[in-house]
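Predicted structure and sequence below. I'll ask about it afterward.
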Amino acid sequence: MPQQQQQQEDKNAIVEVAKQQAKNKAKKALRNKATALLKKGAKIAAKITLNAVMGAFKALLSFLATVGLPYILIIGGVLLAIFIIYFSVTFIFSDTDSGLNKVGKNLQNHIIAESEKTVDMSKPEQVPYRVPPELIIAALQLYESTNNGKSAKEAVTIMAETLKPVFTYEESEGSIETNIETCVTTDGKTNCSTDKEKKPYTVTMLTSVEAWDRIMTSTVTPFTTDWKTSVKETTEIKTRPKIDSEGFVVPDEVEEYEVIRVVTTKTRANTHIQDKIENEDYTYFNRVLSDSPFNYGQEDKLLVEALYEATGNYIAYKAWLTGNNSMVGYDGTVIPGEGVPAEYMQYYLEAEKVYKVDWYYIAAIHFVETGFSTHPTMISSAGAEGHVQFMPCTWLGWSYPGCKGSNGYVNLPDSIKYNPLQIKKYGGLGVDADKNGVASPWEIKDAIFTAASLLNRNGFSKNIDNAIFAYNRADWYVTKVKSKAQEFRDSAKYMGTGELNPGSFIRPTVGTITSTHGWRVIQGQKQFHNGIDIATKAPNTSIVSAADGVVTRVVTGCPPQGSFGNRCGGGFGNHVYIKHNVGGREYEAVYAHMRKVGGITLNQKVVQGQFLGIMGTSGSSTGVHLHFELHNGTRNGRATALNPALYVPL
């Protein structure tokens, strides 16, 4: 069959899917609402090629983004029908009883088969990371809209192969030690001998996964179990020639004697404990769809998200892209404010790096639970115990037989309760963070890491409120923890550029001056540069306040990857304005193009060296850098712009 004819049949198959969806009894609210429009527009829409549908759909999105509600309400007709049919294509591939024709059904089966090929279905640890069929069809619709020269089935294979997760396995060496002591007692005399054996073995563990929607990492820690002892005693009656009192053998006479054999077998395993940590992350998804052969732009990737969400599946690409006020990833020095004990900061910050939970939320949990470990007993009335208050069954695992039916407080032996292998066996939360072979809520590092692990497991990266609520199951608790977290965050100092210099300016970030103040030509356009650009290739480079001041403007929500001419944030992308008073003179500074603004709010007082955000390339930007402006008084464009090099030690 000629390739052009094959491609047309592929496209017709996808359109047929949409037509079948219009006939289908609505299983979702959106389908019910769309019925009237589909009846009016389906005949026209079914005749339109997928290219036209794609163009109309993207045009509709663009149009809806620029007009007001009255215009949106009167759009109706064919264009809106096309919009809904396009979503129905995605819906249909999540149904098995959709009534597809033969070509459409073949394509659906091919998508499911290619989805399963993205992992080894015989390995249970890989199955959760397979690329969903709905994601493949969502991304496929855009790919099919271009003149790529591929049939629909070929495009599906490319899509699945490119998006499939990357698995990393590591081999760990272990061994089983066996000590066998055999003691034989005869005539009151005991002789013992010992045999020792050590049998090595190798175990292969999945240590990391880079999937389209998450990253899994794990730490593998050597662990030696306690000795297990078994004793087997046997008694045997034997005979021997009888010996008279003078030591001579008595002819034809024997005597019985008793032989007691005691075999003591001790075994222990030199094994490994694996601690898996998963974080929602769309870096892989973003990179793959941005690269060849797809070359999707930002709008295209957001469109894939919308189509995938239309199937009822979860995706938070845009939320991840725009970020929030989290400071996770900051790699400078954090000096806690008054009220946060400095001796605990190392544990908060270490746990933040591992579990991707901001240190100040961990500190707030620690404060609310035990007042930073100052409560007299650190045991609650319900039986929760330790630095951050865990019920014994939560720590060890609710599948432990004694926990079933209880309120969580069970008097458990320490040999089980704090044993990492037993915690793993019963599905508990306890973490042996200090790697001493004991996971205890009474050891501060273990307790802090376990609290962070729980927040991570409860979806901190997706919904902070829900993660905190799951810790205590109370709304007041969420409010109190969040209030304290904000207090701890705002009172801390984030040092990332060197020594402070009160009364003067300091460098707002590290790096090289890549563009100076004044006239310049960029991409063929002559323009006046109101500030300076400082760039570095180091990841997670922090930006700090050049002096004490008050925040006068905060803009967040811009995608971290900008482009020349991008108008998000007025071209500054994610940025902050701060009014500084240095030497009795008022200045307003601009800190622009951040990847993420870190915990800064309007009218907030900041101190010199305080962390403002992470260097990025949001807005109108062609590379990762900080655009820094300094103005005389209130910023008023070029009229007030000063050359920062004359005021800041660069």
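Sure, I can see it.

quick one: the closest residue to D195 other than its chain neighbours and W227, what's the gap?
Nearest non-adjacent residue to D195, counting by C-beta to C-beta, 6 or more residues apart in numbering: I180, 4.7 Å away. C-beta coordinates here come from the backbone N, C-alpha and C atoms, glycine included. To W227, I180 is 12 Å away according to C-beta to C-beta, to the nearest Å.

A155 belongs to a helix?
Yes. Looking at A155 with DSSP: H, G, I helix; E, B strand; the rest coil, it is inside a helix.

what's around D300, how many residues?
Close neighbours of D300, defined as other C-beta atoms under 10 Å, add up to 20.

so what sits against both of I180 and W227?
Common neighbours of I180 and W227, counting by C-beta atoms under 8 Å, 6 or more residues apart in numbering, are K266.

Give me the domain ranges for the protein.
Residue ranges for the domains of the chain, per automatic domain parsing: 3-164+286-309, 167-280, 341-491, 500-646.

which stretch in those domains has the least confidence?
Taking the average pLDDT of each of the domains of the chain, the minimum falls on domain 3-164+286-309, with a mean of 62.

hang on, the earlier thing: and I180 and W227? Which one has more around it.
Neighbour count, other C-beta under 10 Å: between I180 and W227, I180 has more, with 14 against 11.

my read: the more buried one touches T265, true?
Yes. At 5.2 Å, I180 counts as touching T265 under the criterion of C-beta atoms under 8 Å.

which residues does the residue nearest to D195 contact?
The contact partners of I180, by C-beta under 8 Å, 6+ apart, come to 194-197, 263-266.

try 10 Å
If a contact means C-beta atoms under 10 Å, 6 or more residues apart in numbering, then I180 has 193-197, 263-267 as its contacts.

Sort out for me which of these are in strands.
With strands taken from DSSP state E, the overlap with those comprises 193-197, 263-267.

filter these to the buried ones?
Buried subset of those (neighbour count, 16 or more other C-beta atoms under 10 Å): 264-266.

Which neighbours in the sheet does the helix or strand where the residue nearest to D195 lies have, and how are they oriented?
Assigned by DSSP states H and E, I180 belongs to strand 166-186. Using DSSP bridges, the strands paired with strand 166-186 are strand 189-210 (antiparallel), strand 249-280 (antiparallel).

Would you mind giving the ones in strands among the contacts of I180 as TSV with distance to E171 added?
Shown next, in TSV, are the ones in strands among the contacts of I180 (distance: C-beta to C-beta, whole Å):
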residue	distance to E171
S193	36
T194	32
D195	29
K196	25
E197	22
V263	35
T264	33
T265	29
K266	27
T267	23
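
Pick out whichever of those sits closest to L602.
For these, the minimum distance to L602 (C-beta to C-beta) is 64.3 Å, reached by T267.

Check the gap between the closest one and E177 for me.
T267 sits 7 Å away from E177, going by C-beta to C-beta.

what sits in contact with each of these two?
Common contacts of T267 and E177 (C-beta under 10 Å, 6+ apart): 197, 225, 227.

ok, what's across the strand from the first one?
Under DSSP bridges, the beta-bridge partners of E197 are T178.

just checking, it touches R268?
No. Counting by C-beta atoms under 10 Å, R268 is not a contact partner of E197; they are 11.9 Å apart.

any common contacting residues for those two?
Residues touching both E197 and R268 (C-beta under 10 Å, 6+ apart) are 175-179.

which of these are buried?
177, 179.

anything in contact with each of I180 and T265?
With C-beta under 10 Å, 6+ apart as the test, I180 and T265 both reach D195.

ranges for the strands of the stretch 201-350 of the chain?
Using DSSP state E, counting those that start in this stretch, the strands of the stretch 201-350 of the chain run over 214-224, 228-243, 249-280, 333-335.

Give me the buried stretch members for the shortest one, please.
Spelled out, that is strand 333-335. Residues of strand 333-335 classed as buried by neighbour count (16+ other C-beta under 10 Å): V334.

same thing with stretch 124-135?
Neighbour counts over stretch 124-135 (16+ other C-beta under 10 Å) mark 126, 129-135 as buried.

cool, stretch 107-118 as well?
Within stretch 107-118, the residues that count as buried by 16+ other C-beta under 10 Å are 107-108, 110-111, 114-115, 118.
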